[in-house]
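Q: got a structure for you, letters missing:
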């Protein structure tokens, strides 16, 4: 049965037409930018702005002039003019909003996360709530954004830096690159003197990819393109692990997550790939057969099959790589920090250096990991333990819980056998009971993204400012589990396996998503989700073993 499930699943997954042709498109541009959803904007030699209208196959002229444009999606278009002034496109007003500040470079993630550099290399991140720029420590010469959990940069010495979304600082990564590109799924590629590199999430280091390129465009791990020194066009094939050449030459190339690819040649002529885009707001069936899945804020995904076999998703191959060992439960933190518990309650931590599991003394029934390295667990007697990294041992925490949830920032919540809700106070190092609480489950993405629901299917989100619970309209959602992320995203799955996404504007959970198998046919729901961020969502159906990724 296991062999049948694996064979069926490995034949599935996202795949684009390899070596798809490019066809000319009327117009002339100096720069083209493609969002994850296939939204296309461009600038001509005079800085005039154009938006591609797919329904009419024409360019719409947009008032204004820019020297740089960055497209995350149809809802996230930003630009800079010759004076470094910053503008954001507002579709409701059909015009540009001037944003205070001055930048020389701007980058936008698929989720609308916006970053910029000024002339001195100082780094700025746009705060959507305060509507202003926050300066981030450090200096960069280049910044690349996949989503809010996947922000990378290069300094003037070509050193590589990765942003930690929890500590809010850039951390050095080994290696030297001259250019870097990040996909909407967090997949990272780089170039150095024509050599091609891919960031391997298991070893947390770079692996060499055969070939020689001068430009890269990464829509996602499934849609990677490049140009060589002569302008020849290549698409990376995950199945053959090689570059497939496409007829034509380009000077610039841009790719979206959904398979959209555009390019410009040396004279400004515009070309569009004939590759068929994938549908959006859909759970796409991926390779593999799993019963459980977990994902980190940076998009790193691990899973277990129905027999306890361990797997991690490799964006380079678009398949699940088997990791020796056997677990009953797995939890994933930031930057390859992976923990697990086997069926006997033994505890293991994955050692990146040796690529093997270190046994950790103790016995647990549940384990939870934050993105700051904080690890908590419950044993079969509902006793609570916290891992001490200095002594490499577990510290007993007074109290008794039947469920524990740890946010990416280390915020810890739990429920006892009487459905009372507790929050761990880090200052006094003890549990604080939440008065008059009676809940069925608690889920923490961070201190500002905590959810509970009760036996009547009433759903509440925590307001950390007012220290109150906000009731959420659930349209009679018979909720089974809620899955919050570090960045405010939240999903829920009902008892029938139907997923719901939280709409922060409507303040309600809504279902509007299709499931597609490899042939484009509708398929069943999920038993659980792994919500890495607002941009990376995985799902599994433990009964069929089918694995989905949402975009």
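A: Okay, I see it. As the structure is a prediction and not an experimental result, all values here were calculated from the model. Residues are numbered from 1 along each chain as shown.

Q: give me the nearest residue to residue 53, chain neighbours excluded.
A: Using Cβ to Cβ, 6 or more residues apart in numbering and skipping residues adjacent in sequence, the residue nearest residue 53 is residue 60, 5.2 Å away. (C-beta placed from N, C-alpha, C; glycine too.)

Q: which elements pack onto the helix or strand harbouring the one you found?
A: When secondary structure is defined by DSSP states H and E, residue 60 falls within strand 58-65. If you count contacts as 3 or more Cβ pairs under 8 Å, 6 or more residues apart in numbering; DSSP states H and E, strand 58-65 packs onto strand 22-28, strand 48-53, strand 95-102.

Q: of all these, which one is nearest residue 504?
A: When those are ranked by distance to residue 504, counting by Cβ to Cβ, first place goes to strand 95-102 at 20.1 Å.

Q: only the buried residues of the closest one, if you could.
A: Within strand 95-102, the residues scored as buried using 16 or more other Cβ atoms under 10 Å are 96, 99.

Q: got it, and stretch 435-444?
A: Of the residues in stretch 435-444, those buried by neighbour count under the rule 16+ other Cβ under 10 Å are 437, 439, 440, 441, 442, 443, 444.

Q: what about it, average pLDDT?
A: Within the predicted structure, the mean pLDDT of stretch 435-444 is 94.

Q: hmm, who's touching it?
A: Outside of stretch 435-444, the residues that reach it under the criterion Cβ atoms under 8 Å, 6 or more residues apart in numbering are 403, 405-407, 411-415, 418-421, 450-455, 481-484.

Q: sorry, back to before: and the helices and strands packed on strand 58-65 as a markdown table, adding distance to residue 541 and mean pLDDT?
A: Written out in a markdown table, the entries for the helices and strands packed on strand 58-65 read as follows (distance: least, Cβ to Cβ, whole Å; pLDDT from 0 to 100):
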| stretch | distance to residue 541 | mean pLDDT |
| --- | --- | --- |
| strand 22-28 | 38 | 98 |
| strand 48-53 | 37 | 98 |
| strand 95-102 | 43 | 98 |
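
Q: just the buried residues of stretch 435-444: which are in strands?
A: Using DSSP state E, the members of these that fall within strands are 441, 442, 443, 444.

Q: with these in mind, which one is nearest to residue 530?
A: Using Cβ to Cβ, the shortest approach to residue 530 within these belongs to residue 443, at 12.3 Å.

Q: what are the bridge partners for the closest one, then?
A: Each beta-bridge partner of residue 443 is listed here: residue 451, as defined by DSSP bridges.

Q: now do the buried residues in stretch 223-234.
A: Residues 223, 224, 225, 226, 227, 228, 231, 232, 233, 234 are the ones in stretch 223-234 that count as buried (16+ other Cβ under 10 Å).

Q: ok, now stretch 43-57?
A: 43, 44, 47, 48, 49, 50, 51, 52.

Q: what bridges to the last one?
A: Which is residue 52. Under DSSP bridges, the beta-bridge partners of residue 52 are residue 59.

Q: ok, now which ones touch it?
A: For residue 52, the contacting residues are 25, 39, 40, 41, 42, 58, 59, 60, by Cβ under 8 Å, 6+ apart.

Q: pull out the buried residues from these.
A: Restricting those to buried positions leaves 25, 39, 40, 41, 42, 59, with burial counted as 16+ other Cβ under 10 Å.

Q: picking that back up, among the buried residues of stretch 223-234, which pair sits farthest apart?
A: Taking Cβ to Cβ as the measure, these reach their widest spread between 223 and 231, a distance of 19.7 Å.

Q: confirm for me that the residue nearest to residue 53 is in contact with residue 51.
A: Yes - in this structure, residue 60 sits in contact with residue 51. The criterion is Cβ atoms under 8 Å, and the distance is 4.7 Å.
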